[in-house]
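Chemist: Sequence plus predicted model, see below.
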Amino acid sequence: AQSVTQLGSHVSVSEGALVLLRCNYSSSVPPYLFWYVQYPNQGLQLLLKYTSAATLVKGINGFEAEFKKSETSFHLTKPSAHMSDAAEYFCAVSEGTGGFKTIFGAGTRLFVKA
Amino acid sequence: GAVVSQHPSWVICKSGTSVKIECRSLDFQATTMFWYRQFPKQSLMLMATSNEGSKATYEQGVEKDKFLINHASLTLSTLTVTSAHPEDSSFYICSARDLVMPYNEQFFGPGTRLTVL
C-alpha cells in the first residue's frame, strides 16, 4: 500500500531564506509523486509532479523537488521564500494501479516571516 | 485548461436536511472524479471514487447512504449529503481526471464549505 509522510506540520522561514519541505513515500511500484499548495478556503493547486522522466523536477513559482529512490524521498525546495509562499503544502503519491487513487500527506504549513 | 468548478462554494443548512454539491469539469471529459473531505487544519481524506456511468467506490468507513455520489455525465458529478448533521460540517473538495491524462494527475475544484446548524 502506498503512503506519504510529511515531516514537520509547521515550517517557519524568513523572507528570502531557503524553503525545505520534507516528504517521504512508500510505494510497492514506481510511483507518481506530486506537490500541491492550498491557500485558505481554496482547492489544491499543483506545484509540480514526478513522472520518472527526470529526478529533479521544476515547478511553478520557483519551486523544485528531487526524487531520491534510495531515500524514498521527494523533498520540496525553493531558494528564496516570498511572503506569498505562506500556505499549506501537501505531498501526494499515486500508483499506476489501484484505481489511480492519490494518497495525501498530512500537510505542512509554511510560515514566512518578514 | 483543465478547470474544475464546484457549486456552491459555501452552504449553510439546518440539521436533517440534504445538501447537493456539484463538481464540473469545464474543458475536459472527466472519466473519473474523486470526492475528498477536509477538516480544519487537516489533510484531504478520500471519500469515494466515481467513474462515469457506474457506481461510486467508497473508502472504508464512509457511509454510502449518507454520502450519495452520482456521476451521470463526463462533466458532472454530484455529492449529496443526506440528513446532514453538525458533524458533517466540513470542506468538501472534488477532483477530476481523464484517462487520456498521463501520470494520474488530478485537477481540483475550489471546494465547498458546508456548515450544518
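Modeler: Great, that's in hand.
Chemist: which residues does the most centrally placed residue in chain B contact?
Modeler: In chain B, the residue lying closest to the centroid (Cα atoms, centre = their mean) is B:Trp35, at 3.5 Å. Listed by Cβ atoms under 8 Å, 6 or more residues apart in numbering or on different chains, the contact set of B:Trp35 reads B:23, B:46-48, B:50, B:67, B:69, B:77, B:79, B:92-94. For every residue, glycine as well, the C-beta is placed using N, CA and C.
Chemist: nearest spatial neighbour of it, skipping sequence neighbours?
Modeler: B:Met47 (4.6 Å; Cβ to Cβ, 6 or more residues apart in numbering or on different chains).
Chemist: Please work out the average pLDDT along the helix or strand where that neighbour lies.
Modeler: For B:Met47, the host element (DSSP states H and E) is strand B:44-51. Summarised as a single mean, pLDDT over strand B:44-51 is 91.
Chemist: try stretch A:57-76
Modeler: For stretch A:57-76, the per-residue pLDDT averages 94.
Chemist: Equivalent analysis for stretch B:10-28, please.
Modeler: Confidence over stretch B:10-28 (mean pLDDT, whole number) is 95.
Chemist: in it, what's buried?
Modeler: B:11, B:13, B:19, B:21-25, B:28 (16 or more other Cβ atoms under 10 Å in any protein chain shown).
Chemist: got it, and stretch A:18-28?
Modeler: Neighbour counts over stretch A:18-28 (16+ other Cβ under 10 Å) mark A:19, A:21-25, A:27 as buried.
Chemist: Those residues: which two are farthest apart?
Modeler: The distance between the two most remote of those (Cβ to Cβ) is 24.9 Å, for A:Val19 and A:Ser27.
Chemist: before we move on, the earlier item: make TSV out of the buried residues of stretch B:10-28 and add secondary structure and distance to chain A.
Modeler: Listed next are the buried residues of stretch B:10-28 as TSV, based on DSSP: H, G, I helix; E, B strand; the rest coil; distance: Cβ to the nearest Cβ, whole Å:
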residue	secondary structure	distance to chain A
B:Val11	strand	13
B:Cys13	strand	18
B:Val19	strand	18
B:Ile21	strand	13
B:Glu22	strand	14
B:Cys23	strand	11
B:Arg24	strand	13
B:Ser25	strand	13
B:Phe28	coil	15
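Chemist: what's the closest of the residues you listed to A:Ser52?
Modeler: A:Ser52 lies nearest to B:Phe28 out of the buried residues of stretch B:10-28, by Cβ to Cβ, at 23.4 Å.
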